[in-house]
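In: Got a sequence here, can you build the structure:
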Amino acid sequence: MAAVAAARAVSVGPGLRDLKRTLPLVVILGATGTGKSTLALQLGQRLGGEIISADSMQVYEGLDIITNKVSAQEQRMCQHHMISFVDPLVTNYTVVDFRNKATALIEDIFARDKIPIVVGGTNYYIESLLWKVLVNTKPQEMGTKKVIDRKAELEKEDGHELHKRLSQVDPEMAAKLHPHDKRKVASLQVFEETGISHSEFLHRQHAEEGGGPLGGPLKFPNPCILWLNAEQTGPGPSVPPVYGLEVSDVSKWEESVLEPALEIVQSFIQGHKPAATPVNMPSSETENKRSYHMCDLCDRIIIGDREWAGRVWGGAQKNL
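Out: Numbering: from 1, shown residues only. Have a look, this model is predicted:
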C-alpha cells in the first residue's frame, strides 16, 4: 500500500516539474483481456498521466463494442487520446499517420509535466513510438494525394513484375519479400520518392547510435514497459527492460498488478532502478532470416530460413 500512497502524493503539475528529465514513457502491453486498459486508467489517475491508445482499430469512429474501446465514463476519468477520430470509410490511414500524431501528443504531454501512458493494442504502432523504425520519405513535398494515387497504381500492377522491378533497384529487399507480399509496393515507393533504396534507409537507421537489429535508436530516453502476462521471446539487446505482471487471479489485482506497477513507474520517476526483476527473455539462438529460396521440385518461392528448413525436413518433399 505504500506505493499507492506515494502515487497519490504525486502532483499533476508543479510537483513533477523538477522530475521532467526522468519522467518515463509508460507502455502497457499484453494479450486481449488481461486488463491493459484498466491498469492504464488506474496509473493515469494515480500518477496524473494521460493515456494514448495504440490500437489500429480504435482510431476509427464508431465500432466501439467490436474494438473494445474504453467507455465515455472511463475517458472522463482520465484524458484519453487517439480514439475515434478517423472516419471508418477512410482506407489510407497508416502507421506513419499514427506515429506522427501520437509522437506530437507524447511530446506535448511531457511538456506539460505529465506522464504519457501508451496502451495497446497493435504492436507495430507501439514500436513506431518506441524506436525510430519507420522510413521518413517526406511525402508532403510530393503531396499526400499524389503519394496515395501512386500506391494505388502500383498495387494494380502484376506482382511478379513489381518484384522484378524491386530486384533491380533494391535486390537486398527483394530477396526478403515474396512476389505476392504487398510490402514490395512500399519499398518501391521509398526508392521512387527519395532515390535511395529501402534497404539503405534501414542500414542507416541501424547504424545510428543506439540502433540495432530492430531499427534505429529509442525515440524517448526513459521508457517503462509493463507486460501483462503476454508471451514474447528474443527481443534483442536494444529492447528496454520488460517487467512482467501476473494477471491470472483478478481478485488479487491491486496487490499483484496495480501496486507492483506503481512501484516500477515510481522508480522510473525517481531515477533509480526498480526493485522488481525484469522478465528474462533470452534471444533466440537461431535468427529467422528473411532469405529467398526457390524450390525446384515444386516450383515455389519460400521466404525465411525456418520456413525453408521446415519444408525440406518437415516432409514437404518426401512425397515427391
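In: Show me where the protein has its strands.
Out: 25-30, 49-53, 80-81, 115-119, 223-228, 242-244, 292-295, 300-303 (DSSP state E).
In: Take these and write them to CSV, including distance to Thr277 and mean neighbour count.
Out: Glycine gets a C-beta too; all of them are placed from N, C-alpha and C. Converted to CSV, those look like this (distance: least, C-beta to C-beta, whole Å; neighbours: other C-beta atoms under 10 Å):
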stretch, distance to Thr277, mean neighbour count
strand 25-30, 17, 24
strand 49-53, 24, 26
strand 80-81, 31, 22
strand 115-119, 22, 26
strand 223-228, 13, 22
strand 242-244, 8, 19
strand 292-295, 41, 14
strand 300-303, 37, 16
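In: residue ranges with poor pLDDT in the stretch 151-300 of the chain?
Out: By pLDDT under 70, the weakly predicted segments of the stretch 151-300 of the chain are 151-152, 154-155, 157, 159, 181-185, 209-215, 229-239, 281-300.
In: measure Phe76 to Ile83 for me?
Out: Actually, residue 76 is Arg rather than Phe. Look at Arg76 and Ile83: by C-beta to C-beta, to the nearest Å, they are 13 Å apart.
In: Comparing those two, which residue is more hemmed in?
Out: Ile83 (19 against 9; other C-beta atoms under 10 Å).
In: Would you agree that one is in contact with Ser71?
Out: No. Between Ile83 and Ser71 there is no contact under C-beta atoms under 8 Å: 11.0 Å.
In: got a list of contacts for stretch 61-70?
Out: Residues from elsewhere that reach stretch 61-70, judged by C-beta atoms under 8 Å, 6 or more residues apart in numbering: 32, 37, 41, 53, 55, 57-58, 60, 80, 83-88.
In: Quick one: residues contacting Glu74.
Out: Glu74 touches 37, 41, 80, counting by C-beta under 8 Å, 6+ apart.
In: so what's Phe191 up against?
Out: Per C-beta under 8 Å, 6+ apart, neighbours of Phe191: 169-170, 197-198.
In: List the contacts of the residue nearest to Lys101 when sequence neighbours are not counted.
Out: Excluding the flanking residues, the one nearest Lys101 by C-beta to C-beta, 6 or more residues apart in numbering is Met82, at 7.0 Å. Residues in contact with Met82 (C-beta under 8 Å, 6+ apart) are 52-54, 58-59, 98, 101-102, 105.
In: TSV for the residues you listed, including pLDDT?
Out: Shown next, in TSV, are the contacts of Met82 (pLDDT from 0 to 100):
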residue	pLDDT
Ile52	96
Ser53	94
Ala54	93
Gln58	87
Val59	88
Phe98	91
Lys101	94
Ala102	95
Leu105	96
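In: just those residues now: which is nearest Asn280?
Out: Proximity of those to Asn280 (C-beta to C-beta) peaks at Ala54, which lies at 25.1 Å.
In: State the number of residues packed around that closest one.
Out: 25.
In: show me what contacts it?
Out: Contacts of Ala54 by C-beta under 8 Å, 6+ apart are 82, 98, 102, 118-122, 125-126, 129.
In: give me that answer again for 10 Å
Out: Under the criterion of C-beta atoms under 10 Å, 6 or more residues apart in numbering, the neighbours of Ala54 are 27-29, 82, 98, 102, 118-129.
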